[in-house]
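Trainee: no sequence on this one, just coordinates:
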């Protein structure tokens with residue numbers, strides 16, 4: 001006897017592939033496009049391309065990789081769709097950080113140059129409106145709130161003692 005999924009009758013073979021009422025996918029799972037997952041989710045090997053929304057507890061039990069862009073041109077604007085931006089400018093130049101539209105958007109910036117790169121941040125929380133890196137390995141992170149970008153971390157990339165703070169990206 002056939003099983004129904006909505007108004008459709010499906011065979012036993014098709015039923016074994018149906019996850020409407022829960023189930024397990026064994027092997028690699030690739031999803032392309034907008035994906036919404038609700039409930040307890042465990043990802044051991046999944047490729048997600050496009051927007052993915054997870055509601056509920058999500059466990060990722062494998063490596064997670066973030067897309068990266070590398071900026072080398074003066075007055076470039078970083079992409080908000082790519083979470084990590086590496087700057088490798090050949091002179092003292094600027095990078096523009098536009099406003100995001102989705103709360104929780106995060107951006108990580110990594111300097112791969114000893115030249116001064118000034119990041120012009122359009123809207124921020126507090127008095128900061130620029131960040132500047134001057135050494136290879138300097139990094140900083142931003143998160144978008146409904147009122148602007150908040151600086152949530154910065155690091156010099158230099159070795160330092162447990163109580164030392166030196167060579168951080170300059171905020172102004």
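Mentor: Good, I have the coordinates. Source: prediction; values computed, not measured.

Trainee: Tell me where the model's unsure across the chain.
Mentor: For the chain, residues meeting the criterion pLDDT under 70 lie at 1-2, 21-22, 43-46, 50, 62, 160-167, 172.

Trainee: and it, what are its domains?
Mentor: Using automatic domain parsing, the domain parsing of the chain gives 3-60, 68-171.

Trainee: Now do the host helix or strand of residue 13: which elements does it pack against?
Mentor: Using DSSP states H and E, residue 13 sits within helix 12-17. Applying 3 or more Cβ pairs under 8 Å, 6 or more residues apart in numbering; DSSP states H and E, one finds that helix 12-17 makes contact with strand 3-5. No exception for glycine: its C-beta is placed from N, CA and C like everyone else's.

Trainee: Relative to the strand it packs on, what are the paired strands and their orientations?
Mentor: strand 8-10 (antiparallel) (DSSP bridges).

Trainee: export the domains of the chain to a markdown table and tack on mean neighbour count?
Mentor: A markdown table is the format used below for these (neighbours: other Cβ atoms under 10 Å):
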| stretch | mean neighbour count |
| --- | --- |
| domain 3-60 | 11 |
| domain 68-171 | 15 |
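
Trainee: if I pick residue 115, what's in contact with it?
Mentor: 89, 90, 91, 92, 93, 134 (Cβ atoms under 8 Å, 6 or more residues apart in numbering).

Trainee: now residue 135
Mentor: Applying Cβ under 8 Å, 6+ apart, we find residue 135 in contact with 111, 114, 156, 157, 158, 167.

Trainee: at 6 Å what do you get?
Mentor: Shown in contact with residue 135 (Cβ atoms under 6 Å, 6 or more residues apart in numbering): residue 114.
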